[in-house]
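model the following, please.
(one chain, ligands or ions: 2)
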Amino acid sequence: MTVTTEAHMRAIDENTITEAALEQMASTPNPRLKQIMAALTRHLHNFAREVDLTPEEWLEGIKFLTAVGQKCTAYRQEFILLSDTLGLSSLVNALHDRRATEAGTKSSLVGPFYRQDSPTLKLGDTIVTKPTNGQEVCLYGRVFNSAGRGVPNATVQVWQPDETGNYDLQKHDPSEMDLRGTFHTDADGRFYLRTIAPLGYMIPMDGPVGDMIRAQKRHGYRPAHIHFIIGAPGYREVVTALYLQGDEHIDSDTVFGVTASLVTGVNSKDPASPIPNLPTIKFDFHLPAAAAYGSGRVGADPSQIVKKVAS
Ligand code: BEZ
Ligand code: FE
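Numbering: from 1, shown residues only. Ligands and ions are numbered 1, 2, ... in the order given. Presented below is the predicted three-dimensional model:
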């Protein structure tokens, strides 16, 4: 019997496989999906060639990703945690900031402890609802637009861990909110509230991402920070966080959320404090004008995931 080889039949080897895969995907009608999948395939193949990936290592990777998926629940997003710890979430934030039509406050991670339905409070109110040993502070600043004018009635959502580095969701029933609130700026774009200075904390380490962090001999900590989502009609929503200087992990955040312009500190003598005789944390935010692509929330709101699962 004679075996004939078709003249056009390509020999698939460790190099031609990439072109073969890209050719097959070329039929994708959605241009953005086509671009993303082609680039993903090229980089994935280059990665395997670069490290000369063995079948055992490939299977290890499959097992790891399977465990990451299996760790996910309505309240726990291990894939986002993986993205965070690989620096991908912060990279996506930085790319998002670059697309803004005007300069604004840099984005930072939403993280897993955001709640959309925090209580609406008045300027000067406290977000502390539980007994605490934390250092009370006045958190204040202004929300500006790119013309340098204060943005009135901007929504300022704030949430943070306590003086032990725990969020309410880690300590209490989800129906009990603590250390979170929604405020509205005054006619000059000012906001001010009472809270306590937060402590840094370890990311959730009881899953496969924690195993990865330990295998890499990383410490797993985030420096002390306070989260914000700030928005107003006509402006691009800013999703960010302030980081407290002096924290020992300020330069080695496990999820790469810290950038120099978001670092601030506790000022024990601030004559400009809107609440006299309290140490202050002060920060002014800058909102770029709204653009077509909307908000940059890289992260999950557990309460919303639960709602979707329930419906
Ligand atoms: C946080 O800021 O709460 C956070 C962000 C990313 C991963 C884990 C925690
Ligand atoms: Fe956080």
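
near ligand 1, which residues of the stretch 201-311 of the chain show up?
Applying Cβ under 6 Å from any ligand atom, we find that the stretch 201-311 of the chain lies next to ligand 1 at 203, 222, 255. Just so you know, the C-beta spots here come from the backbone N, C-alpha and C atoms, and that holds for glycine as well.

by neighbours, which of those wins?
Per-residue neighbour counts (other Cβ atoms under 10 Å) across these peak at R222, which has 26 neighbours.

that residue against S252, yeah?
No: at 9.8 Å, R222 does not count as touching S252 under the criterion of Cβ atoms under 8 Å.

S252: neighbour count?
Neighbours around S252, by other Cβ under 10 Å: 14.

against G200, how distant is it?
Between S252 and G200 the computed distance is 11 Å (Cβ to Cβ, to the nearest Å).

name the residues contacting each of those two.
Between them, S252 and G200 share these contacting residues under Cβ atoms under 8 Å, 6 or more residues apart in numbering: Y221.

still on that earlier bit, which single one of the residues of the stretch 201-311 of the chain next to ligand 1 is nearest to D84?
V255 (3.9 Å; Cβ to Cβ).

now the phi/psi pair for that closest one, please.
Reported as degrees, to the nearest 10, the phi and psi values for V255 are phi -120, psi 10.

list the contacts of it.
Residues near V255 by Cβ under 8 Å, 6+ apart: 84-85, 87, 89-90, 109, 111, 203, 222.

nearest residue to it other than its sequence neighbours?
Spatially, and ignoring its direct neighbours in sequence, V255 is nearest to D84 (3.9 Å; Cβ to Cβ, 6 or more residues apart in numbering).

likewise for Y201?
Distances taken as Cβ to Cβ, 6+ apart place G165 nearest to Y201, at 3.3 Å, with adjacent residues excluded.

my read: that neighbour touches A197, true?
No: G165 is beyond contact range of A197, at 11.3 Å (criterion: Cβ under 8 Å).

H225 and Y243 touch, don't they?
Yes: counting by Cβ under 8 Å, Y243 is a contact partner of H225 at 4.8 Å.

overlap in contacts, the two.
Common contact partners of H225 and Y243 (Cβ under 8 Å, 6+ apart): 257-258.

looking at these two, which is more packed in?
For the pair H225 and Y243, the greater number of neighbours falls to H225 (28 against 23), based on other Cβ under 10 Å.

ok, the more buried one - contacts?
H225 makes contact with 108, 160, 198, 200, 241-244, 257-258 under the criterion Cβ under 8 Å, 6+ apart.

quick one: which of the residues you listed is nearest I127?
Closest to I127, out of all of the contacts of H225 and judged by Cβ to Cβ, is Q160, at 7.8 Å.

any idea what R142 is bridged to?
R142 has these beta-bridge partners by DSSP bridges: R190.

wouldn't it be in contact with F191 here?
Yes: judged on Cβ under 8 Å, R142 makes contact with F191 at a distance of 7.4 Å.

now do the shared contacts for the two.
Residues touching both R142 and F191 (Cβ under 8 Å, 6+ apart) are T185.

show me the longest helix that occurs in the chain.
When the chain is parsed with DSSP state H, its longest helix is helix 31-51.

just the C-alpha atoms of that one, please, in PDB.
Backbone C-alpha positions of helix 31-51 (Å, rounded to 0.1, in the frame of the first residue of the first chain) are rendered in PDB as follows:
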ATOM      1  CA  PRO A  31     -12.900  41.300  15.800                       C
ATOM      2  CA  ARG A  32     -12.000  42.000  19.500                       C
ATOM      3  CA  LEU A  33     -12.500  38.300  20.500                       C
ATOM      4  CA  LYS A  34     -10.400  37.300  17.500                       C
ATOM      5  CA  GLN A  35      -7.600  39.700  18.500                       C
ATOM      6  CA  ILE A  36      -7.700  38.700  22.200                       C
ATOM      7  CA  MET A  37      -7.700  34.900  21.500                       C
ATOM      8  CA  ALA A  38      -4.900  35.200  18.900                       C
ATOM      9  CA  ALA A  39      -2.700  37.200  21.300                       C
ATOM     10  CA  LEU A  40      -3.500  34.800  24.200                       C
ATOM     11  CA  THR A  41      -2.600  31.800  22.000                       C
ATOM     12  CA  ARG A  42       0.700  33.300  20.800                       C
ATOM     13  CA  HIS A  43       1.800  34.300  24.300                       C
ATOM     14  CA  LEU A  44       0.700  30.900  25.700                       C
ATOM     15  CA  HIS A  45       2.700  29.000  23.100                       C
ATOM     16  CA  ASN A  46       5.700  31.300  23.600                       C
ATOM     17  CA  PHE A  47       5.500  30.700  27.300                       C
ATOM     18  CA  ALA A  48       5.500  26.900  26.900                       C
ATOM     19  CA  ARG A  49       8.400  27.100  24.500                       C
ATOM     20  CA  GLU A  50      10.400  29.500  26.700                       C
ATOM     21  CA  VAL A  51      10.200  27.200  29.800                       C
END
